[in-house]
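Asker: Just need the structure, nothing else, for what follows:
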Amino acid sequence: TKAIDECDVTNLMTCGEQCRTCEGEGRHECQFCGGTTFLTVGNKLFLGGGQKCPVCNDEGEVVCPDCKGSGWVAKWRNEMNSTNLRP
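Answerer: Numbers count the residues shown, from 1 in each chain. Prediction:
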């Protein structure tokens, strides 16, 4: 792809860009508890009373699956994702 051809490994800024999913944070709100730390599905609360959300371990956030927590994604990967292809 064009992004691979333009990548200069001596200047990593030419190879990657901020992750679009987490906006460079490396983490985002847990989709199972909505950041509340209590497991919910729709409007139904499944865990509460001091019990942790088993997905985020009571943090309310999870590591971004697209950048694996780095906040950066290779430009060629974003190109592939925009065409619905996953590497």
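
Asker: Surely residue 65 touches residue 21?
Answerer: Yes. With contact taken as C-beta atoms under 8 Å, residue 65 and residue 21 are classed as touching, separated by 7.4 Å. In short, each C-beta sits where N, CA and C put it, glycine included.

Asker: Looking at these two, which one has more neighbours?
Answerer: Set side by side, residue 65 and residue 21 show more neighbours around residue 21, with 15 against 10, by other C-beta atoms under 10 Å.

Asker: How about the more buried one: what's its closest non-neighbour residue?
Answerer: Spatial nearest neighbour of residue 21, chain neighbours left out: residue 66 (4.3 Å); criterion: C-beta to C-beta, 6 or more residues apart in numbering.

Asker: can you map out the helices along this structure?
Answerer: 2-6, 75-82 (DSSP state H).

Asker: Let's test this: mean pLDDT of the shortest one, rounded?
Answerer: Which is helix 2-6. The average of the pLDDT scores along helix 2-6 is 59.

Asker: likewise the longest one?
Answerer: Mean pLDDT, helix 75-82: 59.

Asker: Quick check: residue 18 vs residue 62, distance?
Answerer: For residue 18, the distance to residue 62 equals 18 Å [C-beta to C-beta, to the nearest Å].

Asker: Looking at these two, which one has more neighbours?
Answerer: residue 62 (19 against 14).
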